[in-house]
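K.L.:
Here you go, sequence then predicted model.
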Amino acid sequence: MLPDYPELKRELLQRLKLRVQTAAVDEPVLRDLKAFRIHEGRCTVLTREDGSTQEMNFTSPVSGEATLRIDDIRLKGEGASLKAADDIALGLQESMATRFFETISKSVDDVGNSFDAKGKPMTADMILEMLDRMELSFDDEGNWQPPRIIHGPALAATAAEVQKQLGVDRTLRARQDAIVNRQREEWRVREARRKLVD
Amino acid sequence: MYEKLVESWLTSVNELGYQIPFCEVLVSEGYTILHVSRHGRGEHGKDVIARRADQALCTFQLKGGDLSLNGWRDIRGEVEELVRLPVRLPGVREDEPHVPHLVTNGEIRGDALESVKQFADDWERKGSARLEVWMRGTLLKKFVKAQGNYLPAAVEELRNFVDIYAGPFDTPFPREKLARVLEVISGDRTVGLSKTNLQRAIASLVVIVSYLIEQFARADNHLAAAEGWVMTAANILRIAERECLSPSAYVPSLNLVRDAFERSLDSLADETLGAEHFVLSRGGLADPMLYGVRATQVLGWLCYWVIDRRWRKGHSVNIRTVLNVIRREGAAMSWVGEADWPLRMCLAFFLDREGYASDAERLLQGWASSITAASRPPARPGVPSPYWPQEKVLRLRYGLLPPTEQEHFGHYVYTLEQCLDMLVRRLRRQSVASLWPDASRLILCNFVPGSHSAYFTWNDDSGTLHTVSPVRTARWQDWRQRTAVVDVSKVPITLVRHSEWALPFLIVYPHRANVVMSAFVDALNTGRAAVHAPNETEAPVSAGRKRKPLQESSVAPK
C-alpha cells in the first residue's frame, strides 16, 4: 500500500463537505429557505390546515457531480479539490432549485393558485391579480410581509419597472392597499380563530 | 480471534459479571431457568437454579477467578450448602434431588482440586448428588458454542463491536453503535428462520451483547449498562414481533435481560439515593456546564425505577428519600431537547402516582409552553429534535459541534402534540386553551415506522414522517374523545405483551415516543386513557391506579 493520511483526509473531507453545503444554497432563492432535516423514512406526508394532504417521497436524491483528472491532481493540488467541491455544489444547487420549483408548482396547482400569463409580458395588473389570488402573510402585529417575486434574468428590467409603478402610481397603489387591507382583515379573522372551543 | 476475545472477557469479569450470560448459555443448552439470585450470594449457596432438558433439577454456585486451597477452605461451607441443602422454591418439592455445580471462570489450582474431589466423594456417600465442577475451559467452550455464528463478521460491524468492547466505559452508552451491532443479528440474518434457530439466535444475541454491557457494569456505569440491556430487549422484541414468535420461544431470554436491567437500575438508584449531590470531581471545572443535563437523566430514571418497583411490582421504596432527592436536585434539572420527553413523562407519571397530580400537570404544561415559545415562527431557533441525544445538544450549545452536523430546527416539533394530549386527558382545559393559539402555528411532526417490528430499529427507512399544520380552531370534545382511548393495534404487540419494557424503551429510543406510544405509556402508567385491544383476547394489564392523599406541598421541579 502506498503511504496515505486517512485521518487527515477525513478531517479535510469534513471541511470540503461544509464548503459544498454552504455553496450549494448560496443562491437567491435557496439561501433564505429554512432546511428541515428528516432523520429517517423515505416518505413524508404533509397535512394542511384544511385537511388536504401531500405526499413526498425521497427516492431520488438530488446530486452533483465533479471530475478529478489525474493531471489536475498532479498540477493543481488543493485547487483541484476546491474546484471539484464547487462543481458538486453547483450541481446540487441546480438540482435543488429545479426540485424546489417543481414542488412549488405542484403545490400551487393543487390548491388552484396558479396563474398563467399565457406568454403576455409582466404588468402591474398581473402582479395585483396574483396578490389578490394568493393568501398574503402578516407578522404578529399585522404588518404585511410582501412575497418575493422570482423571475429569470430576461425579466429583470420589466420586473423592476413593474415594482416602480406599484410604488409611484397612486391608482395601482390604492388597488394594492385595498387587497392588502382586505386580506389583513381576513387574516385577523383567521388568527382570531386560533382557540379552543367546546 | 473471537475465542481469544471471549476468553479475555471471561477471565476479567467477576461472578456477577458473567451470571446473566451464563444463564443464557444454559438456556441455549435447553435448560429452563427457575431462579437467579439478584444480589450476591444465593440462598443456600445456590446462585442459579435451573431444570435441564431431561427435567433434572440443577443448582449452580458461581465463583470468579482462580481457586487455591486457602480459597477453597474459605468457600467450602457455601459449597456444602449448595450440595447438601434442598432447593426451596415455589413449585419445586423440597425432597427433589438436585445436581450441584461449582462454576468458576478461573482454575482450581494445586491441592484445591484434590480437596474438592474428596469432599465431593464424601457428600456423595452421604446421599447427595455428585458435585460437578465447571472451570474456565468448560465455560469457554460453552460460551463459544452458545454465541454460534452470530458474532459480527463484516468489517463495519466488527469495527463497531470492537470499538465498544475496547471502551471507554465511563461515557454515555454508545447507543447508535450498539444498534448497528445488534440489528445485524435481529435483522436480515434471522428472517424466516425456524423457531429453534430463532431461539438460538436470541440466546447468541444476549451472550454476545453481554461481553459489551458487562464492561460498563464493571466500571459502575450503571445507567449505561441499563440502557444496553434495554437495547438488547428491543432487539429480542424485534425478532419476536417480526417472526410472530410465541412467548415461550423468547421469554426465557427476555426475562434474563430484565434481571440484568433491573440489577443495573437498582445499582443506579442505590448510588443516587445514597449521594449528597451529583457532582463529579473528575473534570470538576466543567461539571457545572453539564450538571443540569446529568441531573435530568438521573432523576428521570430514578422516577422510572420507583414506578416499576413500587407501582408495578409492589415492592417497598423509601419514597421520602426519593422525594428529598428530587426536591434537592429538581431545581438543577435542565431540559435541552425533545429527546428528554420520555424522561419528562417519567417524572410526570411518578408525581401523578404519588399524589402530586397538579405538579405533574405543571410539568407537562411547562414542557408544552417552553417548546412552543422556543419554536415560535418566524424568528425562534426551535428545539433540538428527539434525534439529538443530550450529549450532541450540549456540544452544539458549547460550540463543539462541527458545522456540518448542525441543523435548523425551526418551528417543527415532535413532542408537543403528545404533551397536549396528556393535558387533555388530565382535563386541563384552561392550560390547553392558553397554549393553543401559539401551538397551532407550529408544524407537528409524528414519525410512524413502516412496521411494528421497525419500531425496535434505531433508524427505519420504511417509515413515514407525518407533518401536520394543525387546525386553528380546536374542539375540546373531539380532542377529549380522540385521546380517551389508545388503539393498541398501532403498538407493537410484543410491547403490549411486555408492557414493562415500554417506558424504558422510549427513554433509550426517544425518537420512538410518537403520539401513539406516548399515549400508550400514559394509559399504562396512570390509567388516564382506556386501552383498546381489538385483536387481543386478553387486554394488556394497566398498572392500576391507587391514589394516595396529597401529603406534601409542591415537589415538582420547575
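P.N.:
It's in.
K.L.:
Now do the contacts for residue B:103.
P.N.:
B:22, B:60, B:61, B:62, B:63, B:133, B:134, B:139 (CB atoms under 8 Å, 6 or more residues apart in numbering or on different chains). The way it works is simple: take the backbone N, C-alpha and C, and place the C-beta from them, glycine included.
K.L.:
Wasn't it part of a strand?
P.N.:
Yes: assignment of residue B:103 by DSSP: H, G, I helix; E, B strand; the rest coil places it within a strand.
K.L.:
In the sheet, which residues pair with it? Tell me.
P.N.:
The residues listed as beta-bridge partners of residue B:103 by DSSP bridges are residue B:62, residue B:134.
K.L.:
The lengthiest helix in chain A and chain B, are they touching?
P.N.:
Longest helix in chain A by number of residues, with DSSP state H as the criterion: helix A:78-111. No: no part of helix A:78-111 sits close enough to chain B to count as contact by CB under 8 Å from any CB of the partner chain; the gap is at least 12.7 Å.
K.L.:
and after that helix, which helix or strand comes next?
P.N.:
On the C-terminal side of helix A:78-111, the closest following helix or strand by DSSP states H and E is helix A:124-133.
K.L.:
what's whichever helix or strand comes after that next one in contact with?
P.N.:
Toward the C-terminal end, the helix or strand that comes next after helix A:124-133 (DSSP H and E) is strand A:137-138. Counting by CB under 8 Å, 6+ apart, the neighbours of strand A:137-138 from elsewhere in the structure are A:144, A:145, A:147, A:183, A:184, A:187.
K.L.:
Check which helices and strands the helix or strand bottoming out on mean pLDDT in chain A sits against.
P.N.:
Considering only helices and strands, the least confidently modelled element of chain A by mean pLDDT, DSSP states H and E is helix A:28-31, at a mean of 80. When contacts are defined as 3 or more CB pairs under 8 Å, 6 or more residues apart in numbering or on different chains; DSSP states H and E, helix A:28-31 sits against helix A:78-111.
K.L.:
Name the nearest residue to the residue of the stretch 101-250 of chain B found nearest chain A, sequence neighbours excluded.
P.N.:
Taking CB to the nearest CB, chain A has its nearest neighbour within the stretch 101-250 of chain B at residue B:176, 11.5 Å off. The spatially closest residue to residue B:176, leaving aside those adjacent along the chain, is residue B:458, at 5.9 Å (CB to CB, 6 or more residues apart in numbering or on different chains).
K.L.:
which is the next helix or strand following the helix or strand hosting residue B:303?
P.N.:
With elements taken from DSSP H and E, the one containing residue B:303 is helix B:287-306. Next helix or strand after helix B:287-306 toward the C-terminus (DSSP H and E): helix B:319-330.
K.L.:
Show me which positions of that following helix end up buried.
P.N.:
For helix B:319-330, the neighbour count (16 or more other CB atoms under 10 Å in any protein chain shown) marks B:322, B:323, B:325, B:326, B:329, B:330 as buried.
K.L.:
host element of the residue of the stretch 101-250 of chain B closest to chain A?
P.N.:
In this assignment (DSSP H and E), residue B:176 forms part of helix B:175-186.
K.L.:
what sits up against that helix?
P.N.:
The contact list for helix B:175-186 (CB under 8 Å, 6+ apart) reads B:150, B:152, B:154, B:156-157, B:160-161, B:163-164, B:201, B:204-205, B:208-209, B:212, B:227-228, B:231-232, B:235-236, B:238-239, B:389, B:456-459, B:508.
K.L.:
can you check stretch B:69-81 too?
P.N.:
Residues from elsewhere that reach stretch B:69-81, judged by CB under 8 Å, 6+ apart: B:41, B:44-45, B:61, B:63, B:67, B:100, B:102, B:108, B:110-112, B:115-116, B:119, B:123, B:131.
K.L.:
Can I get the buried part of the residues you listed as one PyMOL selection?
P.N.:
PyMOL command restricting these to the buried ones, with burial defined by 16+ other CB under 10 Å:
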select buried, chain B and resi 44+45+61+63+67+100+102+108+112+116+119+123+131
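K.L.:
Just confirm residue A:45 is within a strand.
P.N.:
Yes: membership of residue A:45 in a strand is supported by three-state DSSP.
K.L.:
doesn't residue B:448 make contact with it?
P.N.:
No: under the criterion of CB atoms under 8 Å, residue A:45 lies out of contact with residue B:448, with a separation of 9.4 Å.
K.L.:
which neighbours do the two share?
P.N.:
The overlap between the contact sets of residue A:45 and residue B:448 (CB under 8 Å, 6+ apart) consists of B:464, B:466.
K.L.:
Looking at the two, which one has more neighbours?
P.N.:
For residue A:45 and residue B:448, the more surrounded residue by other CB atoms under 10 Å in any protein chain shown is residue B:448, and the numbers stand at 18 against 15.
K.L.:
Tell me how far residue A:101 lies from residue A:60.
P.N.:
With distances taken as CB to CB, to the nearest Å, residue A:101 is found 16 Å from residue A:60.
K.L.:
what about the two, which has more around it?
P.N.:
Neighbour count, other CB under 10 Å: between residue A:101 and residue A:60, residue A:101 has more, with 12 against 8.
K.L.:
so how far is residue A:150 from that one?
P.N.:
Between residue A:101 and residue A:150 the distance, using CB to CB, works out to 8 Å.
K.L.:
ditto for residue B:413
P.N.:
29 Å.
K.L.:
contacting residues around residue A:29?
P.N.:
With CB under 8 Å, 6+ apart as the criterion, the residues that contact residue A:29 are A:97, A:100, A:150.
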